[in-house]
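Visitor: Whatever this is, show me its structure:
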Amino acid sequence: MVIINSLMATLHHLFAFAVTACLVFEFLTFRKGLTVEEARRIQRVDLWYGISAGLLIAVGLLRVFFFEKGSNYYFHNYAFWIKMALFVIVGLLSIYPTIRFIKWNPTLAENKSPEIPDDEFKRIRLLLHLELTCVALILFAAPMIARGIGML
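Guide: Numbers count the residues shown, from 1 in each chain. Take a look at the predicted model:
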C-alpha cells in the first residue's frame, strides 16, 4: 500500500506541476500582437491546462477517499477546505480566458492573428494574475494539510 500511496502522491504532484506550468506559460506568452502560431500554442497549452486540472481532481479525489490519510482526516482540516475553495476559484477564473482563446478559432482558421481588444487583454491578464496567486496559495496550503495544520 505504501508504494501505491507514493505513486498516487507522485501523480498528484505531476498534475499539479503541469497545471502550474501551463498557467505560467499562458501568463508569459499572452500578449497583444500574437502571431498565428503563438495563438495556436496558447490554445494547445490551455487544452493541456484543462486536461491536467481534470486529472489532478481525479487523482486528488482518489487520494482523499482511498489512499493517504482517509477522507475523515481531510474533511476535518480547514486548510484542506481552503485549498479546495482556491482550486474552485482557479477553475472559475480560467473560464473566461479559455472561452476567449476558443473564439480565436475562426480567425486562426483563416491563418490570421487574433485581434485582442484592450479591455479583453486587460481582463485576461488580470485573470491570469489572479489564477497564479491562487495557485501560490494552494501550494502554501498543501504542506499545511500534510503536516496536520488546520485540524478541527
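Visitor: contacts, neighbours, all on C-alpha from now
Guide: Noted.
Visitor: The residue lying closest to residue 70 once chain neighbours are set aside sits in which helix or strand?
Guide: Spatial nearest neighbour of residue 70, chain neighbours left out: residue 64 (5.5 Å); criterion: C-alpha to C-alpha, 6 or more residues apart in numbering. Following DSSP states H and E, one finds residue 64 within helix 36-66.
Visitor: Give me the buried positions along that helix.
Guide: Within helix 36-66, the residues scored as buried using 16 or more other C-alpha atoms under 10 Å are 36, 39-40, 42-43, 45-50, 52-53, 55-57, 59-60, 62-64.
Visitor: And stretch 84-102, by the same measure?
Guide: Counting neighbours by 16+ other C-alpha under 10 Å, one finds that the buried residues in stretch 84-102 are 86, 87, 90, 93, 94, 97, 98, 101.
Visitor: Quick check: the second one vs residue 5, distance?
Guide: Counting by C-alpha to C-alpha, to the nearest Å, the separation of residue 87 from residue 5 is 22 Å.
Visitor: that older thread, quick check: mean pLDDT of the helix holding residue 64?
Guide: When pLDDT is averaged along helix 36-66, the result is 97.
Visitor: need the helices for the chain, in chain order.
Guide: 2-29, 36-66, 71-75, 78-102, 105-109, 118-146 (DSSP state H).
Visitor: quick one: pLDDT of the residue of the chain most remote from its centre?
Guide: For the chain, the C-alpha farthest from the mean C-alpha position belongs to residue 110; by C-alpha atoms, centre = their mean, that distance is 30.0 Å. On pLDDT, residue 110 comes in at 98.
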